[in-house]
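Visitor: Provided below for reference: sequence and predicted model.
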Amino acid sequence: MSFDESKWVWMNGRVIPWQNATTHVSAHALHYGSGVFEGMRCYETSDGPAIFRLDAHLERLYASAEIHGITIPYSREELTNAVEEIVRVNNFRSCYVRPICYLGSGSLGVHPGDNPVEVVILAWPWAPYLGAEGLKQGVRVTVSPWRKFESRMMPTTAKACGQYLNSMLAVRDAVSRGYAEALLLDAEGHLAEGSGENLFIVRDGQLLTNDERHSILLGITREAVLRIASDLGYRIDVRALDLEDMLTADEAFFTGTAAEVTPIREVDGTAIGKRTPGLVTEEIQRVFFAATSGSDQRYKDWLHPIDAEVVVVSDRLLQVS
Ligand SMILES: Cc1ncc(COP(=O)(O)O)c(C=O)c1O
């Protein structure tokens with residue numbers, strides 16, 4: 001994938017050309033990973049583009065920032081407007097949106113002192129993270145030799161930049177061995193999550209998933225899927241999951257903003273169910289996409305419409321640095 005450099009970026013309150021959205025090499029975040037970010041999707045709906053669960057993502061962004069002592073110098077309303085603006089000026093019908101708040105240049109002591117907080121919002125079209133084929137047919141995963149860090153080491157419920165080195169080790173290992181994704185165990189050896197997704201198991205018509213006690217990021221897609229599954233009448237058990245649960249599952253799937261609802265068809269060569277997406281997974285996936293496309297009225301509140309008709313005559317557009 002390469003980025004389209006004709007697009008615009010929201011950076012510190014201004015909309016600027018893609019190639020001008022740069023930061024100095026002395027930025028604290030570059031050295032120590034001191035930033036927090038979000039990933040959300042904008043979906044095409046019959047009423048135009050809409051961000052899925054914008055409020056929940058912004059809420060988690062501020063919560064992650066607070067945990068890491070990063071004061072975001074913009075209000076929620078300002079960031080809401082900024083997200084809308086960046087989708088609109090780039091003329092996206094659907095895209096992925098990545099706000100990031102990080103410590104910029106100042107001191108390079110590990111204690112960041114009063115380094116400035118930089119706030120950037122990028123957007124780009126992003127195909128299904130684990131592949132269109134994976135979304136349809138399911139993916140093959142492997143148990144990672146890398147454990148998921150636990151909250152006593154770093155809070156797992158925050159979405160912070162530096163922690164993704166753990167995910168990166170896991171996914172690079174998995175891909176190098178021919179798998180689509182890694183499955184990380186927690187420090188105690190229970191299942192945690194994928195390198196960028198939460199995990200669900202289906203057994204005897206019941207849904208099983210874990211929670212923050214097992215070092216996961218509390219995914220916004222996970223929460224949406226819990227609501228969908230409950231609306232569909234499934235029993236849900238939130239508890240510790242073991243590899244044994246996974247290997248004997250009828251079905252399993254990942255959830256995440258990037259990966260959406262992706263079936264898992266194999267773990268280290270062991271088939272999950274019939275090595276094809278199961279009926280429960282397919283039903284949940286169908287309702288999930290009905291929610292993201294705005295065609296299921298029950299979940300309309302999850303969509304934040306972008307008014308494509310607004311003509312942006314913001315002076316910010318002219319402030320090309
Ligand atoms: C480690 C990790 N777990 C789970 C998720 C899923 O979270 P969400 O559904 O909020 O995107 C993500 C993606 O953000 C992630 O990076």
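Guide: On my side now, so go ahead. Residues are numbered from 1 along each chain as shown.
Visitor: pLDDT weak spots in the stretch 201-321 of the chain?
Guide: Applying pLDDT under 70 to the stretch 201-321 of the chain flags the ranges 308-321.
Visitor: where does it come near the ligand, residue by residue?
Guide: Contact residues, the stretch 201-321 of the chain versus the ligand (C-beta under 6 Å from any ligand atom): Leu217, Gly219, Ile220, Thr221, Arg222, Thr255, Gly256, Thr257. Bear in mind the C-beta positions are built from the backbone N, C-alpha and C, glycine included.
Visitor: Name the surrounding residues that touch the strand or helix carrying Phe254.
Guide: Assessed by DSSP states H and E, Phe254 sits inside strand 251-256. For strand 251-256, contacts defined as C-beta atoms under 8 Å, 6 or more residues apart in numbering pick out 129-130, 139, 181, 194, 196-202, 219, 221-222, 224-225, 246, 261-264, 267, 272-273, 277-281, 284-285.
Visitor: got it, and stretch 148-159?
Guide: 36-38, 60-61, 63-64, 67-68, 160, 162-163, 166, 184-187, 192-193, 212, 215-218.
Visitor: cutoff 6 Å now
Guide: For stretch 148-159, the surrounding residues in contact (C-beta atoms under 6 Å, 6 or more residues apart in numbering) are Val36, Ser64, Ile67, Gln163, Asn166, Leu184, Asp186, Ala187, Ala192, Glu212, Ser215, Leu218.
Visitor: can you pull the buried residues of the strand holding Phe254?
Guide: Neighbour-count burial for strand 251-256, counted by 16 or more other C-beta atoms under 10 Å, picks out Glu251, Ala252, Phe253, Phe254, Thr255, Gly256.
Visitor: again, but for stretch 260-276
Guide: Glu260, Val261, Thr262, Pro263, Ile264, Arg265, Glu266, Val267, Ile272, Gly273.
Visitor: Any idea what the nearest residue to the fifth one once chain neighbours are set aside is bridged to?
Guide: Nearest residue to Ile264, sequence neighbours excluded (C-beta to C-beta, 6 or more residues apart in numbering): Ala252, at 4.2 Å. When bridges are assigned using DSSP bridges, the partners listed for Ala252 are Ile201.
Visitor: Distance of Ala252 relative to the ligand?
Guide: 15 Å (C-beta to the nearest ligand atom, to the nearest Å).
Visitor: out of the buried residues of strand 251-256, who's nearest Val9?
Guide: Gly256 (23.6 Å; C-beta to C-beta).
Visitor: The closest one and Trp126, how far apart?
Guide: Computed as C-beta to C-beta, to the nearest Å, the Gly256 to Trp126 distance reads 12 Å.
Visitor: Give me the sheet partners of the strand or helix carrying Ala192 and which way each runs.
Guide: Per DSSP H and E: Ala192 is located in strand 191-194. If you go by DSSP bridges, strand 191-194 pairs up with strand 181-185 (antiparallel).
Visitor: now the strand it pairs with: mean pLDDT?
Guide: Averaged across strand 181-185, pLDDT comes to 98.
Visitor: Off-centre distance for it?
Guide: Strand 181-185 sits 16 Å away from the centroid of its parent chain (C-alpha atoms, centre = their mean, to the nearest Å).
Visitor: same thing with stretch 207-218?
Guide: 15 Å.
Visitor: what do you get for stretch 281-291?
Guide: Using C-alpha atoms, centre = their mean, the offset of stretch 281-291 from its chain centre is 18 Å.
Visitor: Also stretch 219-234?
Guide: Offset of stretch 219-234 from its chain centre (C-alpha atoms, centre = their mean): 16 Å.
Visitor: Stretch 156-166 now?
Guide: Distance, stretch centre to chain centre, for stretch 156-166: 12 Å (C-alpha atoms, centre = their mean).
Visitor: what residues does the stretch 1-150 of the chain put near the ligand?
Guide: Counting by C-beta under 6 Å from any ligand atom, the stretch 1-150 of the chain sits next to the ligand at Gly39.
Visitor: Mind jotting down where the strands sit in the stretch 1-150 of the chain?
Guide: Counting by DSSP state E, counting those that start in this stretch, the stretch 1-150 of the chain has strands at residues 8-11, 14-17, 35-37, 40-45, 48-52, 95-103, 117-124, 139-143.
Visitor: before we move on, what about the stretch 201-321 of the chain?
Guide: 206-209, 236-238, 251-256, 260-267, 270-271, 303-305.
Visitor: Now do the third one against strand 260-267: the angle between them, please.
Guide: Using axes from the mean of the first three to the mean of the last three C-alpha atoms, to 10 degrees, the interaxial angle of strand 251-256 with respect to strand 260-267 works out to 140 degrees.
Visitor: how much distance is there from strand 251-256 to the middle of the chain?
Guide: 14 Å.
Visitor: Out of the contacts of strand 251-256, which end up buried?
Guide: 129-130, 139, 181, 194, 196-202, 219, 221-222, 224-225, 246, 261-264, 267, 272-273, 277-278, 280-281, 284-285.
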